[in-house]
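In: Need coordinates for the following:
(chains A and B)
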Amino acid sequence: MKNKFILLFLVSSLVLVGQAPGYMGKRFLMGYSNYFFLSGIGPTAYSSVPNGELGLNTTHCINFEYTIKDRTNVCLSVQKSKTGMDPGDIYYVVYNSSYQDTYTANYKEKPYKPLQIDSYNIGLGFKFFKSGTLAPIGKYKKLEFLILLNNLTYKKDAFYIYDYNSQQSAYVTIGRGDYNFNTISIAYTMGRSRVLFDRFVFDGGIRFGFVPGGVNALLNPDGDVFSEGSYSARTFNERDFKNATYTRLFRYQLVNFHLGIGFLAF
Amino acid sequence: MMHKSLFRKIVCIAITVLLFNDGLVAQYATDYTPLKSSGMLPEEFLRTARSLSEEDLKTMGYGTDRIAKQQFTISSNYFLRDLLLSGDVLVNDPLTNYVNKVADELLKNDPELRKQLHIYVTKLPDVNAHAFDKGFIFINAGLLAQLENEAQLAYVIAHEITHVVKKHSVNQYIENIKLDRGISTYETGSYEARDIAKYSFSKDNETEADAEGLVRIKESGYSVKALSGAFDVLQYSYLPFELVEFKKSFFEDEFLILPDTLFLKKTSEIKSNDDYDDTKSTHPNIRKRRGAVEPELVVADEASRKKYLVSEEEFKKAREIARFESCRLYLIDRDYVNAIYAAYILLEKYPENLYLKKIVAKALYNIAVTESNSNRNKPKYSYSVGNNARLNSKSYSIPDYEKIEGTSQRLYYMLDNLNAKELNIIALSYAFKAHKKNPEDVVLSALTDSLFSELVNSNELYMGDFSKSTKAQIIALDTAKVPVEAIDTTAEESKYSKIKKQQQKVEITTDENFTKYAFVGLLQDSEFVKRYKKASKGLTKKEEEKKDNLTYKERKKRDEQLAKENKNKYALLGIEKVLFLEPFYMKVKSAGGNEMINYFESEEKQVKLAEIQKKCADRLKLGYETVNTKNMTTTDIDRYNLNSILNDWLTERFNHGDNVDEMVVGTDEMKSLIEKYGTKYLAWTGVYNEKSRKSHNTYFFILFNMETGEVMKYETRYTKSKDNVDLITSFVYNSLMHVHKSPK
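Out: The predicted structure follows:
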């Protein structure tokens, strides 16, 4: 249904093409962009310590654009992003028949490797070029809706606790170690593009985005993937994962710079 | 013996003058062809401003004020190049050739200096001449039209040569900069004092040019005494080149009788003041100039000197050509009444000259249609080009006759007192009569048709509105029908008898409604009737336009609606081929309130823009023709002339603003051009780029229909960005796409 809607939308957009000039009559653009931001507020997928290591979070993006009006491009993009996450202190609760013990668990994979969040994003949006210019040249503002198909992986038995009953440290297993879940993001980009040699489009800008938490249930019709049972030791911990993941994704989408190169096909 | 010799001399001169005068009359008796350049293009026309400047900069050396000199050289060469390719400069034409002969005579003893000078006549109506330090001197056709003799022309050239030799332009430029900065030794006082000093410095240069010019004349064989009237030429330059009483019979015929009330009994006297305040003038006033020069007009060998060293015949021929040219140039400048008056003067001499009749017909036509338009209350559209509003609404009105001095005032007064209908009738009458005498002339024929159309559509005058019988015939008929009783002077006259008598008197003596009888003669002409019927076919009297009932809001809404319809109408034009004029490109840098043109880059970008146009047209498969002057060779004189015709046309079209009904003078010349290139569409593109803290671009594209003068497409784009090639390409492509694509 979703796909049908997108297709219908694209077809209706093309009808508007009418007299849009594009660049020298070329309206269709294929390109690659790289979105990047320093990993100051979270680890990258390759960080060797949970925090404070300088790195670069990147998203690879293949984008397709079509000029539908003098100053408007419709944009479809497929993106792959990869980042790391450190869940911080997690409460590990052990239920016994008469009591429950609560421990603090830390993720300690050796050598250190943060939890991996891999996302395939599908973006649909519009680029609105500045008054006076003609797409695809000049300053633009882009409003984009992204569907994020996320995969969270980690080594599930790499959580380390200190058992104060036995006075010993131990590794415990938390969660499945592999979760798929979807979410959406809304992004706003301010950029500028140029055409060189009448064929190549160079693009650069800054993107601001956010991941609205409230609508995620709609995108995960099988229920919250993190809730696996109503009464389990895992439930509480996995909610922590969930919150940490959303927060990480939110931050990941928050600010990005991008550089891209494209090719005016026809 | 002595007497006999003198007598022979006089007879010879008289015969020569008579022959010469007859020759001129014979030459221009029937027609005149506007001046065109011919032969090979001089090398200096083919060089870029950059190459001209680089050559100058190499030889400049490292003296004082080097930076200012460099700036001046670059800008001066840019404007020189601009002028050379503007189409206003004539090459190898009779006027330029003659002026150069005079310069040869003047500089016979200084061949080195002569070699450095390039002297041309420019197709401009102002009484003026100017020089560039690089050795270029330009004499306006308007000045040649006013001169009295060859010696005066030689003095004008000598004056300009002094400007060149003394490098007055660059000195003035440097001094102005110093005065602005307060470091000039010429004046160190207040800002106001330094500002006035700039004018004083210029005046000093002019005084020097007057004095040195006179020295040069004294060194030549030209009569010094002949210069005594030279300053009169300047003083009275605002008057036409001759003062001839304008006769009302000029527009009249047996039946079209203009009321005497339309003609001033006495025209205002010429009260030119030669002692005007010249504090803020670049030239000293005429009295000072005359006072400085005239006492020096004495030489011991005056008797052996001559007014004419080249020849009197050539001078008079050149002046006559300049006068013929002036008529056309006045028309281009939208100075219609002056054009009619100048043509009138020449028509006294050449009554059958077709060119002059066409000048009068075109000028009358344009006055008539602009007058009709001003009554039509039609919506106005505004077009602006670059930073200059050049194609906006420009209403025309006949200049205030009270400000006109001399004999031409009668014509101004007459035309100013005619309404749209009367002007239309007079213009039609004149054009049709000229057409009858020259039936093969397509311009007069087309003008006649347009005036019929104007008469019917704008002024709603149909054949029934005109009498086929003369006023006298009608009165005779009325008198026969209602005989006026013989008045017995002895008997007491009743009040009512007196009223009747007075009414009859009024009917006989009044001049009101003279237009009713204007076509009595023409309505006997079958062609006139046929054309009139054709113009009014299917049309009847329309209801009065309820223009005054519209409120401001309603009128604005209607105008917006019309503008929208107009925009939609011309969204896609489906044009196959376009003739491109050389594009406009100007890059300006603004800093501290000063604007500096980046001359080199402007020139290079202009070339680039022409390439972009070609590239976009090719991509769209739009037929592309151009009259680009950037890559001309010495044999490209035809292209040079073509550029001149197009520039004249464009200048005039811009002068008309949004009044598309006004006829562009060069339209008849454009017809051959349209045939040659196979398109009637002329495109002009341009970019104005200004860089202050940020870059701003104004791009424009205008497409004209050269047949009608109509603006088919007008587009401007303002962007706050650099003028990158891709940005400009996208604009040009978009404009051309709308020109070429057909509406579905």
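
In: low pLDDT regions in chain B?
Out: B:1-26, B:374-394, B:475, B:477-512, B:538-550, B:562-570, B:658-661, B:665-667, B:744 (pLDDT under 70).

In: ok, now with 50
Out: Counting by pLDDT under 50, chain B shows low-confidence ranges at B:1-2, B:13-20, B:378-392, B:484-487, B:503-511, B:542-547.

In: near chain A, which residues of it?
Out: B:571-572, B:615-616, B:619-620, B:717-721, B:724, B:726-727, B:729-731, B:733-734, B:737-738, B:741 (Cβ under 8 Å from any Cβ of the partner chain). In this view, the C-beta of every residue, glycine as well, is placed from N, C-alpha and C.

In: Ramachandran angles for the closest residue to residue B:738 other than its chain neighbours?
Out: Using Cβ to Cβ, 6 or more residues apart in numbering or on different chains and skipping the chain neighbours, the partner closest in space to residue B:738 is residue B:572 (5.8 Å). For residue B:572, the backbone dihedrals are phi -130, psi 130 (criterion: degrees, to the nearest 10).

In: ditto for residue B:416
Out: Per degrees, to the nearest 10, the backbone of residue B:416 is at phi -70, psi -30.

In: Hmm, residue B:40 is touching residue B:634, no?
Out: Yes - judged on Cβ atoms under 8 Å, residue B:40 makes contact with residue B:634 at a distance of 4.6 Å.

In: All the helices of chain A, residue numbers only.
Out: A:2-15, A:216-219, A:233-254 (DSSP state H).

In: isn't the residue nearest to residue B:738 right up against residue B:743?
Out: Yes - with contact defined as Cβ under 8 Å, residue B:572 counts as touching residue B:743 (4.4 Å).

In: Of these two, which one has the most company?
Out: A direct count of neighbours by other Cβ atoms under 10 Å in any protein chain shown for residue B:572 and residue B:743 places residue B:572 higher, at 18 against 11.

In: So, low pLDDT: which residues of chain A?
Out: A:8, A:11-12, A:14-17, A:228-235.

In: The residue lying farthest from the centre of it and chain B: what is the separation?
Out: Distance from the C-alpha centroid of chain A peaks at residue A:98, with 43.1 Å (Cα atoms, centre = their mean). Taking Cβ to the nearest Cβ, to the nearest Å as the measure, residue A:98 falls 74 Å from chain B.

In: what sits against that residue?
Out: If a contact means Cβ atoms under 8 Å, 6 or more residues apart in numbering or on different chains, then residue A:98 has no contacts.

In: quick one: it and residue B:649, what's the gap?
Out: Separation of residue A:98 from residue B:649 (Cβ to Cβ, to the nearest Å) stands at 105 Å.

In: rewinding a little: just the ones in helices from the residues of chain B next to chain A, please.
Out: Going by DSSP H, the helices hold B:615-616, B:619-620, B:726-727, B:729-731, B:733-734, B:737-738 from the residues of chain B next to chain A.

In: now for the residues you listed, which pair is the farthest apart?
Out: B:726 and B:738 (19.2 Å; Cβ to Cβ).

In: Could you give me the buried positions within the longest helix along chain B?
Out: Longest helix in chain B by number of residues (criterion: DSSP H): helix B:191-219. Buried residues in helix B:191-219, defined by neighbour count with 16 or more other Cβ atoms under 10 Å in any protein chain shown: B:194, B:196-207, B:209-210, B:212-214, B:216-218.

In: What segments of chain B are strands?
Out: Remark: strands assigned in chain B by DSSP state E are B:89-90, B:118-122, B:129-132, B:136-140, B:383-385, B:388-391, B:577-580, B:584-591, B:594-597, B:623-626, B:681-691, B:695-705, B:711-719.

In: Columns mean neighbour count on top of these, output as a markdown table?
Out: Output for the strands of chain B, formatted as a markdown table (neighbours: other Cβ atoms under 10 Å in any protein chain shown):
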| stretch | mean neighbour count |
| --- | --- |
| strand B:89-90 | 24 |
| strand B:118-122 | 24 |
| strand B:129-132 | 20 |
| strand B:136-140 | 24 |
| strand B:383-385 | 17 |
| strand B:388-391 | 15 |
| strand B:577-580 | 21 |
| strand B:584-591 | 17 |
| strand B:594-597 | 12 |
| strand B:623-626 | 18 |
| strand B:681-691 | 23 |
| strand B:695-705 | 21 |
| strand B:711-719 | 18 |
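
In: need the contact list for residue B:281.
Out: Per Cβ under 8 Å, 6+ apart, neighbours of residue B:281: B:199, B:203.

In: Figure out how far stretch B:684-697 is from the centre of its chain.
Out: With Cα atoms, centre = their mean, to the nearest Å as the basis, stretch B:684-697 stands 30 Å off its chain's centre.

In: what's the burial count for residue B:36?
Out: 17.

In: and what of residue B:266?
Out: 7.

In: ok, it to chain A distance?
Out: Taking Cβ to the nearest Cβ, one finds residue B:266 at 60 Å from chain A.

In: Equivalent analysis for residue B:436, please.
Out: Taken as Cβ to the nearest Cβ, the span from residue B:436 to chain A is 50 Å.

In: That residue reaches residue B:525, doesn't it?
Out: Yes - the criterion here is Cβ under 8 Å, and residue B:436 meets it with residue B:525 at 7.4 Å.

In: So what pairs up with residue B:306 in the strands?
Out: As for beta bridges, residue B:306 partners with residue B:222 under DSSP bridges.

In: What about it, how many residues nearby?
Out: 16.

In: Using CSV, list the CA coordinates for stretch B:678-687.
Out: Provided in CSV are the C-alpha atoms of stretch B:678-687 (Å, rounded to 0.1, in the frame of the first residue of the first chain):
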residue,chain,number,x,y,z
GLY,B,678,14.4,34.7,-42.3
THR,B,679,13.1,35.8,-38.9
LYS,B,680,11.3,38.7,-37.6
TYR,B,681,12.3,38.1,-33.9
LEU,B,682,15.1,39.9,-32.3
ALA,B,683,16.4,38.8,-28.9
TRP,B,684,18.6,40.7,-26.5
THR,B,685,20.0,39.2,-23.4
GLY,B,686,22.1,40.7,-20.6
VAL,B,687,23.5,40.3,-17.1
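
In: Run through who's touching that stretch.
Out: Outside stretch B:678-687, the residues touching it (Cβ under 8 Å, 6+ apart) are B:385-386, B:575-581, B:583-586, B:605, B:609, B:613, B:623, B:625, B:646, B:649-650, B:674, B:697-707, B:712, B:723, B:728, B:732, B:735, B:739.
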